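> Here is my input, please return the structure:
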Amino acid sequence: MDINNSVALVTGANRGLGRAFAQRLLERGARKVYATARRPETVDLPGVEVLALDVTDPDSVRAAAAAAADVSLLVNNAGISTGTGLVTGSMDAVRLELETNTLGPLGLIRAFAPTLAANGGGAVVNVLSAMSWFGINGANAYHLTKAAAWAMTNGVRLELAEQGTLVTAVHLGLADTDMSAGWSVPKLAPSDLADAVLDGVQAGSAEVLADQWSRDVKARLPLAPEEFNAEMSRALSALAAA
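Sure, this is the predicted structure:
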């Protein structure tokens, strides 16, 4: 897919990765960028077309799809982390993360699939995480939702192949955003992440491993669970000590 002259819709475009996606899309020649947020007044990027969108609200999703019938690239970026565990944490928080991180992107894909087909196939980008593949005590709700979103991404890729829609899964460790503000470790610049993803989309890639951390985690997946957990524990300890 050619980014130049594309029409993109980016969720969670008021800050962090979403804002970087919208900005780099404009800089790389996108004809139009719909920058969406739950509170549209918080979008401050010149040159975008601002839309209100709450990814957890089906009516809001339908309204966005109706307003943006020219979209050829959907970037599912919006996400949250509540710092919730699975066994004793709040089920309401777990449900909120599932609604935002997994079912929200799926709802957007379902709403925009006919639009993408009508506009030549286009592409979907799902911003996932290296935590699609591993958990951390205190954030396993996030792990659950990103693992489910990875499976969802793999499934919709098969279902949308016939209409010629590229579906790209994006995995990364930590980017320099509000969500990672409490971690004093090396982080990926949002603009670098956006460029890596847009390069991948332009090349027709089904997966973008945006940093060495995500590549290292994926390389460990063939290990037995106890070996994998031990390796990840050592890697996380080394990261925290860096």
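
> For the longest helix along the chain, name the packing helices and strands.
The single longest helix within the chain, with elements called by DSSP state H, is helix 140-160. With contacts taken as 3 or more C-beta pairs under 8 Å, 6 or more residues apart in numbering; DSSP states H and E, helix 140-160 sits against helix 91-98, helix 104-118, strand 123-127, strand 166-171. Glycine gets a C-beta too; all of them are placed from N, C-alpha and C.

> got the angle for the longest one vs strand 166-171?
Translated: helix 104-118. Angle of helix 104-118 versus strand 166-171, following axes from the mean of the first three to the mean of the last three C-alpha atoms, to 10 degrees, is 150 degrees.

> neighbouring contacts of helix 104-118?
With contact meaning C-beta atoms under 8 Å, 6 or more residues apart in numbering, helix 104-118 is reached by 9, 11, 55-56, 58, 61-62, 64-65, 68-72, 74, 76, 78, 122-124, 126, 149, 152, 156, 160, 163-165.

> Out of the helices and strands in the protein, which is least certain?
In the chain, the helix or strand scored least confidently by mean pLDDT, DSSP states H and E is helix 225-241, which has a mean of 91.

> That helix packs against which elements?
helix 212-219.

> Can you give the distance from the helix it packs on to the centre of its chain?
17 Å (C-alpha atoms, centre = their mean, to the nearest Å).

> what about stretch 84-97, average pLDDT?
Here stretch 84-97 scores 98 as its mean pLDDT.

> end to end, how far does it reach?
End-to-end span of stretch 84-97 (C-alpha to C-alpha, to the nearest Å): 9 Å.

> Measure how far it is from the centre of its chain, please.
Offset of stretch 84-97 from its chain centre (C-alpha atoms, centre = their mean): 20 Å.

> what sits against the one residue sitting closest to the centre of the chain?
Nearest residue to the geometric centre of the chain (C-alpha atoms, centre = their mean): V127, 1.7 Å. Neighbour list for V127: 17, 75-77, 79, 170, 172, 197 [criterion: C-beta under 8 Å, 6+ apart].
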